[in-house]
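> model this:
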Amino acid sequence: MELQGMAPEVAKKFKYWQTRTIIASMIGYALFYFVRKNLSIAMPAMQDDLGITKGDLGLFLTLHGLLYGVSKFANGFVGDRVNARYFMVTGLVLSAACNIWFGFSSAVVMFGVVWMLNGWFQGMGFPPCARLLTHWIPPTQLATKMSVWNTSHSVGAGLVVIVCGYIVSLGWRWCFWFPSIIALVGAVGLWFALRDTPRSVGFPELNSKTGAEEKEDTSAEFKQFVRKNVFGNPAIWVLAIANFFVYIVRYAVLDWGPTLLGEWKGVSIHHAGWMVAAFEISGIIGMLVAGWATDRFFGGRGPRVCVICMALATVFVALFWGISQPPMWLATLLLGAAGFCIYGPQALVGIAAANIATKKAAATAVGFTGLFGYVSTLVSGWGLGLLAQHYGWDIAVGALILIAIMGTLIFMAAWSAKANGYDND
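Numbering: from 1, shown residues only. This is a model prediction of the structure:
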């Protein structure tokens, strides 16, 4: 049922809980990034203190990303069936514990093991949020409100690089201990702020299904629907493959930005933190603009906006690469412009996939495209680290430009895709 079907006093209370759930889950998901994207600031100091190579650091990033992608996909099935409050708090606490452990470690093998474990627990962050949002927000409002919610990861990633950019002067280990303390305090707050579904606090469920409809969800017809509309849908495959290239560009900046800026452009670690944060903050604005433009000018056809955004991101990365010693303001502006453009596709791939697959298979489609995104850490983490180590940042960033061009061309293959698949449902 929609909110307008409720009595006014019930709708008012429901609106309070809806807003509370959205804000709490946004803060909670941002805190997952506090104990995930802190490694990038610590990496230069870890190289100096422990003699760890870029190849080793890149391998940490790759293994973490691969396990995170698998975990996010696998935990999606669990997240649909368990209490979102318990699941999200547990994941955040375990991720914080891995960061504390990482901060006390000194052996390369132990770093790898702990960061892989963190990757798995990080995959417990998004599934409960997906459950919360789809239970508390009516379908007619989901795209708008979820685009706002989606800014949470940019807020988290942006804030943590700023915070760690200052506390790294105390030692690189504090880049893991201090964010962990914040995450643990946040986990306590989540425990008190979140509930599971509307039914758990005495409200009727939105768009509640009948028993027959629930049974149909596990039928052979549903499995056939998924095979045809997700795994057999060319547009979904194009979006998934293109997402691989989007995430390479995005994670190259998030994971290697501080190291790249320091070694290649001579930027201090404090300024590098602010510059990477500018990439994220600009991404928030770009994400919202891309979502608005998709509905306002392109009739909901997200892939078309992705083509434009990816092409512009390529241009700004190329300008950043081509100017050898740009003034600080120009380097920050170019990075921010690249972030503004790349986060449009980052958000729209999932929204477009969900619309094309329809609500019957939206979670599967988003999980599928997301899996391709995190497989990209093979390139953005390990691959880019090895390139920089052996050939320098000029070659590494040049390769990144070619990757962005390939992503643009692949998105073009979905230019004619329908805005949604509901007419085939």
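> domain assignment for this protein?
Here the chain is described, according to automatic domain parsing, as comprising the domains 1-198, 220-425.
> and of those domains, who's closest to residue 206?
With CB to CB as the measure, domain 1-198 is the member of the domains of the chain nearest residue 206 (5.5 Å). Yep, even glycine has a C-beta here, placed from its N, CA and C like the rest.
> coming back round to it: got the domains of the chain as JSON lines, with distance to residue 204 columns?
Converted to JSON lines, the domains of the chain look like this (distance: least, CB to CB, whole Å):
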{"stretch": "domain 1-198", "distance to residue 204": "6"}
{"stretch": "domain 220-425", "distance to residue 204": "19"}
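> format those domains as CSV; extra columns: mean neighbour count, mean pLDDT and distance to residue 205.
Supplementary listing: those in CSV, determined by neighbours: other CB atoms under 10 Å; pLDDT from 0 to 100; distance: least, CB to CB, whole Å:
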stretch, mean neighbour count, mean pLDDT, distance to residue 205
domain 1-198, 20, 86, 6
domain 220-425, 21, 85, 15
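> toward the C-terminus from the host helix or strand of residue 329, list the very next helix or strand.
Here residue 329 is covered by helix 328-357, with elements defined by DSSP states H and E. Heading C-terminal from helix 328-357, the first helix or strand you meet, by DSSP H and E, is helix 362-375.
> show residues contacting that following helix.
The contact list for helix 362-375, computed with CB atoms under 8 Å, 6 or more residues apart in numbering, reads 65-66, 68-70, 72-73, 76, 80, 130, 226, 229-231, 236, 239-241, 243-244, 246-247, 349-350, 353-357.
> and the residue nearest the centre of this protein?
residue 153 (6.0 Å; CA atoms, centre = their mean).
> give me the nearest residue to it, chain neighbours excluded.
Excluding its sequence neighbours, the residue lying closest to residue 153 (CB to CB, 6 or more residues apart in numbering) is residue 33, at 5.6 Å.
> how far does the helix or strand encompassing the one you found sit from its chain's centre?
With the criterion set as DSSP H and E, the secondary-structure element containing residue 33 is helix 8-34. Its chain's C-alpha centre and that of helix 8-34 lie 19 Å apart, by CA atoms, centre = their mean, to the nearest Å.
> what helices or strands is that helix leaning on?
Other elements packing on helix 8-34 under the criterion 3 or more CB pairs under 8 Å, 6 or more residues apart in numbering; DSSP states H and E are helix 84-104, helix 126-136, helix 139-149, helix 152-167, helix 174-193.
> gap between residue 267 and residue 174?
Here the distance between residue 267 and residue 174 works out to 21 Å (CB to CB, to the nearest Å).
> likewise for residue 285?
From residue 285 across to residue 174, the span is 31 Å (CB to CB).
> next: residue 331.
As judged by CB to CB, residue 331 and residue 174 stand 27 Å apart.
> next: residue 66.
Residue 66 is 27 Å from residue 174, by CB to CB.
> check residue 388 too.
When distance is defined by CB to CB, residue 388 is 25 Å away from residue 174.
> scan this protein for its longest helix.
Of all the segments of type helix in the chain, defined by DSSP state H, the longest one is helix 234-265.
> okay, the angle between that helix and helix 362-375?
Relative orientation of helix 234-265 versus helix 362-375 (axes from the mean of the first three to the mean of the last three CA atoms, to 10 degrees): 30 degrees.
> what's the angle from the helix or strand following helix 234-265 to helix 152-167?
Scanning forward in sequence from helix 234-265 by DSSP H and E, the next helix or strand is helix 269-297. Following the same axes, to 10 degrees, one obtains 170 degrees for the angle between helix 269-297 and helix 152-167.
> and helix 269-297, what does it pack against?
Helix 269-297 makes packing contacts with helix 39-50, helix 139-149, helix 152-167, helix 234-265, helix 302-322, helix 328-357 when contacts are defined by 3+ CB pairs under 8 Å, 6+ apart.
> residue 101: which of those helices is closest?
Residue 101 lies closest to helix 39-50 among these, at 13.4 Å (CB to CB).
> you'd agree residue 153 is up against residue 36?
No. With contacts defined as CB atoms under 8 Å, residue 153 does not count as touching residue 36, sitting 9.3 Å away.
> dihedrals phi and psi, residue 112?
When quoted as degrees, to the nearest 10, the phi and psi of residue 112 stand at phi -60, psi -40.
> relative to residue 58, how far out is it?
Summarising the geometry, the distance separating residue 112 from residue 58, computed by CB to CB, is 11 Å.
> ok, now residue 32?
Where residue 58 is concerned, residue 32 sits at a distance of 22 Å (CB to CB).
> ok, now residue 12?
52 Å.
> and for residue 180?
Distance of residue 180 to residue 58, computed by CB to CB: 23 Å.
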